[in-house]
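Visitor: What follows is a protein structure lacking sequence information:
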Ligand code: C2E
Ligand code: CA
Ligand code: CA
């Protein structure tokens, strides 16, 4: 089967799937299971090359690494000068070239390797078993030679060079995402080196441990001095056009540079354990805000580290009682990382939270390991589709069908569906048509102070499409 027929067949399958899901009332348990599997495959596959994407690689890597006691070796591979080819020959040629590169790399893989396209011109290969290191080195050599042979793209002939990073896990203690991150860092080192096309990760390449400790200590001091803030971003109902809830997001005012972004300081706080104190503070602040305005439900993000601590649900109950708030106005967002390693405890905690009346939402849906099975196992109230899917919305039919099937899937499991990272009015209008329940993103409102959120709660935020407004 050629790449193109694969994509076309995939599209047809998705169209059929979407049609089946539209008839929700007719959806049997078997159909649902098939749809789950299909959507899972689609969200784990890169449509351009037919290879697993980042999420597909990570979920397969979990299995592979658990099975191979001997550890695993990850290679991240980046094409040199791809951007220039893309700019001069055009995007169509760029896509063709990536497809051809995918084929050449596949031919180098051997029996036990797993190849994926991470995005752009970045590929990854994972090897496990006793020969993993040697397999990885052989793969890089073969890939280098393969790309040095002429590739015909449109009417041009090009040859490519690559830069590669290698990271080795001797035990299964290192999570696949961490192994990938290390290989990525090594790849950047290789890219800037002149005499070699690949480099192996060592800890000195990483941001220093010392730096992370300093950031954590500064963050703790900022917390003690009451310098941290919460901002609130509205979630807008596509049926009424109005704000129905908000997400609380942490800010560290005064901290310059990348370290001031929660995307950077939260993982550091998770590493050092400070996240537990931060999490308590966030919960308290959100409760204070709920008590003050009494109408808009507020969701807090809960880190896996917090969720796993014994007595987490009890601490939420205590906060609700301490502040005397209606538990139905408090929501909790968790990512599926929480659920993977401690399934039973996580299930118990979730049940306790829901018994309290607190709603639980699955965050960043579609980016994790095996999202769909968790939807069935855990009783979520809603799911938030990661913004990576929303960004694909205007790219073409595949992205739209995938979203359609995720939304229908959520509905057939009785979940409210939120689209994250909605940045344009066109995306908002499309998502309304696809019957997504709630939208969140810059197009609807940026994270801002509680006062601004309150003001927005009186505004009509979305024009209603005819199909929704009846
Ligand atoms: P998240 O939970 O997925 O939150 C959404 C992130 O997307 C926020 O980034 C938000 O500002 C950003 N965002 C919202 N709309 C748009 C949009 O239209 N386009 C784009 N490009 N981005 C948009 P932020 O505030 O930097 O937070 C990053 C992450 O840090 C959050 O991702 C969450 O995982 C974590 N985080 C933030 N606050 C907390 C917290 O209080 N506790 C914990 N545990 N994690 C937090
Ligand atoms: Ca969130
Ligand atoms: Ca999210």
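Guide: Received the coordinates, thanks. In this text the structure is predicted, and so the values were computed from the model without any measurement. Ligands and ions are numbered 1, 2, ... in the order given.

Visitor: Tell me where the stretch 101-250 of the chain has helices.
Guide: In order along the chain, the stretch 101-250 of the chain carries the following helices (DSSP state H, counting those that start in this stretch): 132-148, 176-192, 209-224.

Visitor: Nearest to ligand 1: which residue in the stretch 51-200 of the chain?
Guide: Residue of the stretch 51-200 of the chain nearest ligand 1, by CB to the nearest ligand atom: residue 177 (14.2 Å). For the C-beta atoms, the positions are set from N, CA and C on the backbone; glycine is no exception.

Visitor: tell me which element the closest residue to that residue other than its chain neighbours is part of?
Guide: Residue nearest to residue 177 in three dimensions, not counting chain neighbours: residue 58, with 5.8 Å by CB to CB, 6 or more residues apart in numbering. Assignment of secondary structure by DSSP states H and E places residue 58 within helix 54-67.

Visitor: Equivalent analysis for residue 350, please.
Guide: helix 343-356.

Visitor: show me what contacts the nearest residue to residue 54 once chain neighbours are set aside?
Guide: Of all residues not flanking residue 54 in the chain, residue 118 sits nearest, at 5.0 Å (CB to CB, 6+ apart). For residue 118, the contacting residues are 53-54, 57, 76, 124, 180, by CB atoms under 8 Å, 6 or more residues apart in numbering.

Visitor: circling back: number of nearby residues for the residue of the stretch 51-200 of the chain closest to ligand 1?
Guide: Neighbour count of residue 177, defined by other CB atoms under 10 Å: 16.

Visitor: shouldn't it be in contact with residue 59?
Guide: No - contact between residue 177 and residue 59 fails when scored by CB atoms under 8 Å: they sit 10.7 Å apart.

Visitor: First residue to last residue on stretch 381-395, what's the distance there?
Guide: 30 Å (CA to CA, to the nearest Å).

Visitor: ah, wrong one, I meant stretch 324-336
Guide: Using CA to CA, the two ends of stretch 324-336 sit 30 Å apart.

Visitor: rewinding a little: tell me which strands and helices the helix holding residue 350 is in contact with?
Guide: Applying 3 or more CB pairs under 8 Å, 6 or more residues apart in numbering; DSSP states H and E, one finds that helix 343-356 contacts helix 304-308, helix 312-323, strand 359-365.

Visitor: Check whether the second one comes near ligand 1.
Guide: So the one you mean is helix 312-323. No - counting by CB under 6 Å from any ligand atom, ligand 1 is not contacted by helix 312-323; separation bottoms out at 12.3 Å.

Visitor: just checking, what packs against that helix?
Guide: Under the contact criterion of 3+ CB pairs under 8 Å, 6+ apart, helix 312-323 touches helix 275-293, strand 330-334, helix 343-356.

Visitor: Touching, residue 325 and residue 292? I think so.
Guide: No - look at residue 325 against residue 292 with CB under 8 Å: they stay out of range, at 9.8 Å.

Visitor: who's more crowded, these two?
Guide: More neighbours surround residue 325 than the other of residue 325 and residue 292, with 20 against 11 (other CB under 10 Å).

Visitor: Name the nearest residue to the more buried one, ignoring sequence neighbours.
Guide: residue 290 is the one closest to residue 325 (CB to CB, 6+ apart), at 4.7 Å.

Visitor: what's the burial count for that neighbour?
Guide: Counted with other CB under 10 Å, residue 290 comes out at 22.

Visitor: Distance-wise, check whatever residue of the stretch 51-200 of the chain ends up closest to ligand 3 relative to residue 167.
Guide: Across the stretch 51-200 of the chain, the shortest distance to ligand 3 (CB to the ion) belongs to residue 55, at 14.2 Å. Relative to residue 167, residue 55 is positioned 19 Å away (CB to CB, to the nearest Å).

Visitor: Just give me the neighbour total for the nearest residue to the residue of the stretch 51-200 of the chain closest to ligand 3 once chain neighbours are set aside.
Guide: In space, and not counting its chain neighbours, residue 55 is closest to residue 44: 5.4 Å by CB to CB, 6+ apart. When neighbours are counted by other CB under 10 Å, residue 44 registers 21.

Visitor: Can you verify my assumption that the residue nearest to residue 325 contacts residue 327?
Guide: No - Residue 290 is not in contact with residue 327 according to CB under 8 Å; the separation is 9.6 Å.

Visitor: number of nearby residues for residue 158?
Guide: Counted with other CB under 10 Å, residue 158 comes out at 17.

Visitor: so which of the contacts of residue 118 comes closest to residue 95?
Guide: Of all those, residue 53 has the smallest distance to residue 95: 15.0 Å, by CB to CB.

Visitor: And for the closest residue to that closest one other than its chain neighbours, the neighbour number?
Guide: Spatial nearest neighbour of residue 53, chain neighbours left out: residue 46 (4.3 Å); criterion: CB to CB, 6+ apart. Using other CB under 10 Å, residue 46 has 20 neighbouring residues.

Visitor: so what's residue 46 up against?
Guide: Residues in contact with residue 46 (CB under 8 Å, 6+ apart) are 52-53, 56, 116-117, 119.

Visitor: Check what pLDDT it gets.
Guide: With respect to pLDDT, residue 46 has a value of 89.

Visitor: repeat for the one 5 residues further on
Guide: On the pLDDT scale, residue 51 is placed at 94.

Visitor: same question, the one 4 residues further on
Guide: On the pLDDT scale, residue 55 is placed at 89.

Visitor: isn't it right up against residue 365?
Guide: No - between residue 55 and residue 365 there is no contact under CB under 8 Å: 10.7 Å.

Visitor: These two - which one has more neighbours?
Guide: Higher neighbour count among residue 55 and residue 365: residue 365, with 27 against 22, using other CB under 10 Å.

Visitor: Chain neighbours aside, what residue packs nearest to the more buried one?
Guide: Excluding its sequence neighbours, the residue lying closest to residue 365 (CB to CB, 6+ apart) is residue 383, at 4.5 Å.

Visitor: That neighbour and residue 397: what is the separation?
Guide: Distance, residue 383 to residue 397, by CB to CB: 23 Å.

Visitor: coming back round to it: ok, which of the helices and strands packed on helix 343-356 comes nearest ligand 2?
Guide: strand 359-365 (4.3 Å).

Visitor: list the helices and strands the closest one packs on?
Guide: Short answer (3+ CB pairs under 8 Å, 6+ apart): strand 359-365 packs on strand 330-334, helix 343-356, helix 371-377, strand 382-385.

Visitor: Could you export these as JSON lines, including distance to residue 154 and mean pLDDT?
Guide: Converted to JSON lines, the helices and strands packed on strand 359-365 look like this (distance: least, CB to CB, whole Å; pLDDT from 0 to 100):
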{"stretch": "strand 330-334", "distance to residue 154": "45", "mean pLDDT": "97"}
{"stretch": "helix 343-356", "distance to residue 154": "50", "mean pLDDT": "90"}
{"stretch": "helix 371-377", "distance to residue 154": "37", "mean pLDDT": "72"}
{"stretch": "strand 382-385", "distance to residue 154": "35", "mean pLDDT": "94"}
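
Visitor: For ligand 3, find the nearest of those.
Guide: Taking the helices and strands packed on strand 359-365 one by one with CB to the ion, strand 382-385 is closest: 5.4 Å.

Visitor: For the next helix or strand after that closest one, what does the pLDDT average out to?
Guide: Counting by DSSP H and E, the next helix or strand C-terminal to strand 382-385 is helix 387-391. On average, the pLDDT along helix 387-391 is 88.
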